[in-house]
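In: Next input, structure requested:
(chains A and B)
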Amino acid sequence: GAGVSQSPSNKVTEKGKDVELRCDPISGHTALYWYRQSLGQGLEFLIYFQGNSAPDKSGLPSDRFSAERTGGSVSTLTIQRTQQEDSAVYLCASSFEILAGAETQYFGPGTRLLVL
Amino acid sequence: AQSVSQHNHHVILSEAASLELGCNYSYGGTVNLFWYVQYPGQHLQLLLKYFSGDPLVKGIKGFEAEFIKSKFSFNLRKPSVQWSDTAEYFCAVNAAGNNRKLIWGLGTSLAVNP
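Out: Now for the predicted structure:
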């Protein structure tokens, strides 16, 4: 596709339910990132995938959060037993360069999650 | 721990005014530095970045930023803003190398009045 796409664009769920957020990166991009932006906060790194390497999960806030990337393309971020503090915009980005961390990231529109 | 500070949370300017948005970071090693912008209704996109070479970096739409290592700063500048520069501006940093964990500032909301 032309850009990074994310679905759903909005998600309202009840506390305690599980949610899955999807990201389709730009075709050919080997790296994929997930971020969270809570109200009044900057972007918070969650997880990074690069090719077939083990993902960098250092930003996941708790074991309720997990992510996978199938076939080196589509990624799913899963939040189990959602809490109200999980309410945020979840952003996905992808990149194709190999610049030792200086890669340009291309962002999707985000998924706005509201936990009631 | 690394952190990024953007000093101006909200800036209001008139067209043709000069712009400087401050960004300071805390990290003692070699860094990559970025400014991303989010125009109303659009996705975050890269404005410019520094990772090596000339510390004065030029980006899209007439923006530039200067990396001053001694001041741990990467301020964004534009000599004459336009109404279309109205947007949210984010500074971000990571440790150079194989670290992809970007640390972000809280953002600066810029409103340019026509």
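In: Of all residues in chain A, which one is nearest the centre?
Out: In chain A, the C-alpha nearest the mean C-alpha coordinate belongs to A:Trp34, at 2.9 Å (C-alpha atoms, centre = their mean).
In: Closest residue of chain B to chain A?
Out: As assessed by C-beta to the nearest C-beta, chain A sits closest to B:Phe51 within chain B, at 3.5 Å. Heads up, the C-betas are built off the backbone N, CA and C, glycines and all.
In: On the pLDDT front, check the spatially closest residue to that residue that is not a sequence neighbour for me.
Out: With C-beta to C-beta, 6 or more residues apart in numbering or on different chains as the criterion, B:Phe51 has its nearest non-adjacent residue at 3.5 Å, and that residue is A:Ala102. At A:Ala102, the model reports a pLDDT of 84.
In: The one 3 residues further on too?
Out: Looking at A:Gln105, its pLDDT is 93.
In: doesn't B:His43 make contact with it?
Out: No. The pair A:Gln105 / B:His43 is not scored as a contact, 10.5 Å apart, by C-beta atoms under 8 Å.
In: re earlier: how many residues are close by the residue of chain B closest to chain A?
Out: Look at B:Phe51: counted by other C-beta atoms under 10 Å in any protein chain shown, it has 18 neighbours.
In: ok, now which ones touch it?
Out: Under the criterion of C-beta atoms under 8 Å, 6 or more residues apart in numbering or on different chains, the neighbours of B:Phe51 are A:99-102, B:32-33, B:96.
In: Which ones among the residues you listed lie within strands?
Out: Mapping the contacts of B:Phe51 onto strands (DSSP state E) picks out B:32-33.
In: nearest to A:Gln83, of the contacts of B:Phe51?
Out: Nearest to A:Gln83 among the contacts of B:Phe51 is A:Gly101, at 31.5 Å by C-beta to C-beta.
In: wait, the closest one sits on B:Asn94?
Out: Yes. When contacts are counted by C-beta under 8 Å, A:Gly101 is listed as touching B:Asn94 (5.0 Å).
In: shared neighbours of the two, anything?
Out: B:32, B:100.
In: between the two, who's got more neighbours?
Out: The neighbour count for A:Gly101 versus B:Asn94, taken as other C-beta under 10 Å, is higher for B:Asn94 (24 against 19).
In: Wait, that one touches A:Glu103, no?
Out: No. Between B:Asn94 and A:Glu103 there is no contact under C-beta under 8 Å: 10.0 Å.
In: need the contact list for A:Asp63.
Out: For A:Asp63, counting by C-beta under 8 Å, 6+ apart, there are no contacting residues.
In: What's the separation between the closest residue to chain B within chain A and B:Leu47?
Out: Closest residue of chain A to chain B, C-beta to the nearest C-beta: A:Ala102 (3.5 Å). Separation of A:Ala102 from B:Leu47 (C-beta to C-beta, to the nearest Å): 14 Å.
In: more neighbours, these two?
Out: Neighbour count, other C-beta under 10 Å: between A:Ala102 and B:Leu47, B:Leu47 has more, with 23 against 20.
In: Find the nearest non-adjacent residue to the residue positioned nearest the centre of chain B, please.
Out: Centroid check for chain B by C-alpha atoms, centre = their mean gives B:Trp35 as the closest residue, at 3.4 Å. Spatial nearest neighbour of B:Trp35, excluding adjacent residues (C-beta to C-beta, 6+ apart): B:Leu47 at 4.3 Å.
In: Might one say that the one you found is in contact with B:Phe63?
Out: Yes. Under the criterion of C-beta under 8 Å, B:Leu47 makes contact with B:Phe63 at 5.5 Å.
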